[in-house]
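1. Mind folding the following:
(2 chains)
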Amino acid sequence: MKILVAVKRVVDYNVKVRIRADGSGVEMANVKMSMNPFDEIAVEEAVRLKEAGLATEVVVFSAGVAQCQETLRTAMAIGADRALLVETDVELQPLAVAKLLKALCNKEQPGLVLCGKQAIDDDANQTGQMLAALMDWPQASFASAVNIVDRKATVIREIDGGLETIEVVLPAVVTVDLRLNEPRYATLPNIMKAKKKPLEVLTPQALGVDVSPRLKTLAVTEPPRRAVGIKVANVAELVARLKSDGVLA
Amino acid sequence: MSCLVIVEHDNATIKSSTRNAVTAAAGIGGDIHLLVAGSACTAVAEEARRIAGVAKVLLVDAPHYADQSAENLAALIVAQAGAYSHLVAAATSMGKNVMPRVAALLDVAQISEIVSVSSPDTFVRPIYAGNVLATVQSSDAVKVVTVRATAFAMAGEGGNAVVENRTAIADSGQSKLLSRDLTVSERPELSVAKVVVSGGRGFASSENFHALLEPLADKLGAALGASRAAVDAGYAPNDFQVGQTGKIVAPRLYIAVGISGAIQHLAGMMASQVIVAINKDPEAAIFQVADYGLVGDLFELLPELTATLS
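-> Here you go, the predicted model:
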């Protein structure tokens, strides 16, 4: 079974994002970029499934600007076998990415697609579910455990009230949550090896996919700031303050 | 213009976040209809028809809707979508699971976790863990929207909507629920609690977390929350996690104990009315958003606070 993993290049999770002076968007110049942390967990899971003999090949996908190649090399340093980049300068929204993935699923015929549950830049949490819909495949979102047996996946999902376990027929899309695994650090030899692994560059046009955005961003603003608080000296003062604010009886 | 709001329920009662989604729909305008899809869920339809502002309840009762699986529910919503300009659900784990699937089947964008409605086609939503607010406009014929519950009031009682039965669609058979392991608690639900007491890695063990936080939560009638670090360390179950990718809360009082305040955590509690932080590190980021900060050892301060409230 082949596994396809979708990864996104995003502003590193440690960066405090700033809005451009002209309010046109988020400042991206000279900002550290990394693989979306959830996608790293997805890559790790795919590699572990391969190491366990449950997958034969791990193909990693990304879409966006040419620099996404770095993100794909990182995924191959973790252990993915080869990479596909759909290169475009167009702002890609989840539906467009799902359509690109659909085109590649039709070509590659994976038995399983793994995605991060959400990207930490647009916080959309959509692409995996959308791909499952477009392929008419089942989906298992927010996975904290994945077991593959006999062309079926048993997935533990993190839901609002706790956990649920579902069984989906493969091929399926699984989107991964934080506690599925802890991604390994890529070793230097593996980083070197990843440079030689195949990376194919495609275009949306070649795949016949219209990636035009459906949502137009009219404005980006900073959320209202909280007023600066105070330090209280002790528990008694804290309780007195909360009582005078009316939040404690 | 008309909105179809997807009702989240357990076949017995409605999840309160659905009421917040109804308020968001009222802000969009037009008729508000509710979709109740479940199994033996007449009581849910009865509760739904009494929500203020609702004109009609569509009831689809069939065994394969009992679990509200994404595959079956999305197909059903799409079958009803023709009559509506907006399809709306709360941004819960259910709404986030189902609505992108609906949007893709309709070939439209999905607008995630809106915090306000600017106009019927324009919405405000947080991005970058809530550090930026984006105003987005949709050009699609149908708007598929999920709603951040804490940003909208709960719709009250007083409705008197008609209930119409609709036909189920065949079971997709693609997915099967094997088990649900839900956290049972006497405490209020985290996402709607008036007071939340959250703990972080500062507790150093699961035993400390529960032994010190639970008495305080009991005194305050509070829900328990946790930082990602505390959940990852096994101090608390996953459904306690407050933050960018966990629960979004906005209680009247949020007490963060032993939580350093990563931006991912702040994203989940910044909208709280009053924030209290207790942490031994005076430089901890949590103090930058706290109304009241108390620097010190939580192992001494927490029992003292609990005792003071007695």
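
2. I'd say B:Asp281 and B:Gly258 touch.
-> No: the pair B:Asp281 / B:Gly258 is not scored as a contact, 9.8 Å apart, by Cβ atoms under 8 Å. Backbone N, C-alpha and C define where each C-beta goes, glycine included.

3. Return the list of helices and strands in contact with the strand or helix carrying B:Arg180.
-> Using DSSP states H and E, B:Arg180 falls within strand B:175-182. For strand B:175-182, the packing partners by 3 or more Cβ pairs under 8 Å, 6 or more residues apart in numbering or on different chains; DSSP states H and E come out as strand A:162-169.

4. that older thread, out of B:Asp281 and B:Gly258, which sits in the more crowded spot?
-> B:Gly258 (30 against 13; other Cβ atoms under 10 Å in any protein chain shown).

5. For residue 155, which non-adjacent residue is spatially closest?
-> All of this is about chain A. Of all residues not flanking A:Val155 in the chain, A:Ala140 sits nearest, at 3.8 Å (Cβ to Cβ, 6 or more residues apart in numbering or on different chains).

6. that's the wrong chain, I meant chain B
-> Take B:Ala155 and drop its neighbours on the chain: the residue closest to it by Cβ to Cβ, 6+ apart is B:Val22, 4.0 Å away.

7. and the one you found, that's in a strand?
-> No: B:Val22 is assigned helix when assessed by DSSP: H, G, I helix; E, B strand; the rest coil, not a strand.

8. List the residues that contact the residue most central in space within chain B.
-> The residue lying closest to the centre of chain B (Cα atoms, centre = their mean) is B:Thr92, at 4.4 Å. Neighbouring residues of B:Thr92 by Cβ atoms under 8 Å, 6 or more residues apart in numbering or on different chains: A:Asp160, B:Glu8, B:Lys15, B:Ser17, B:Ala149.

9. how deep is the residue in the stretch 151-300 of chain B that chain A sits nearest to tucked in, by neighbour count?
-> At 3.6 Å from chain A, B:Gln174 is the closest residue in the stretch 151-300 of chain B, using Cβ to the nearest Cβ. Residues lying near B:Gln174 (other Cβ under 10 Å) number 18.

10. repeat for A:Asn106
-> 10.

11. measure it to chain B for me?
-> Distance from A:Asn106 to chain B, counting by Cβ to the nearest Cβ, to the nearest Å: 15 Å.

12. packing partners for the strand or helix carrying that residue?
-> Taking DSSP H and E as the criterion, A:Asn106 maps to helix A:94-108. Counting contacts by 3+ Cβ pairs under 8 Å, 6+ apart, helix A:94-108 is packed against strand A:2-6, strand A:57-64, strand A:82-87, helix A:127-135, helix A:204-207, helix B:93-105.

13. Now do it against helix B:93-105: the angle between them, please.
-> With axes from the mean of the first three to the mean of the last three Cα atoms, to 10 degrees defining the directions, helix A:94-108 sits at 70 degrees from helix B:93-105.

14. Please state the offset of whichever helix or strand comes after helix A:94-108 from the chain centre?
-> Next in sequence after helix A:94-108, counting helices and strands by DSSP H and E, comes strand A:112-116. Centroid separation between strand A:112-116 and its chain, computed with Cα atoms, centre = their mean, to the nearest Å, is 9 Å.

15. repeat for stretch B:302-310
-> Its chain's C-alpha centre and that of stretch B:302-310 lie 30 Å apart, by Cα atoms, centre = their mean.

16. quick one: is it near chain A?
-> Yes: for stretch B:302-310, a contact with chain A is found by Cβ under 8 Å from any Cβ of the partner chain, at B:Glu304, B:Leu305, B:Thr308, B:Leu309.

17. Make CSV out of the helices and strands packed on helix A:94-108 and add mean pLDDT.
-> Shown next, in CSV, are the helices and strands packed on helix A:94-108 (pLDDT from 0 to 100):
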stretch, mean pLDDT
strand A:2-6, 98
strand A:57-64, 98
strand A:82-87, 98
helix A:127-135, 98
helix A:204-207, 98
helix B:93-105, 98
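
18. Of all the ones you listed, which one is nearest B:Tyr84?
-> Taking Cβ to Cβ, helix B:93-105 is the member of the helices and strands packed on helix A:94-108 nearest to B:Tyr84, at 11.1 Å.

19. Name the residues of the closest one that are buried.
-> B:93-105 (16 or more other Cβ atoms under 10 Å in any protein chain shown).

20. For the stretch 51-200 of chain B, just list every one of the helices.
-> With DSSP state H, counting those that start in this stretch as the criterion, the stretch 51-200 of chain B has helices at B:70-80, B:93-105.

21. Take those and lay them out in TSV including distance to chain A.
-> Below are these laid out as TSV (distance: least, Cβ to the nearest Cβ, whole Å):
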stretch	distance to chain A
helix B:70-80	5
helix B:93-105	4
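
22. A:Ala186: how many residues sit nearby?
-> Neighbour number of A:Ala186 under other Cβ under 10 Å is 17.

23. That one contacts A:Ala80, doesn't it?
-> No: under the criterion of Cβ under 8 Å, A:Ala186 makes no contact with A:Ala80, lying 10.8 Å away.

24. Which is the succeeding secondary structure element to the lengthiest helix in chain B?
-> Scanning chain B for the longest helix, with DSSP state H as the assignment, gives helix B:206-220. Using DSSP H and E, the next helix or strand after helix B:206-220 towards the C-terminus is strand B:223-226.
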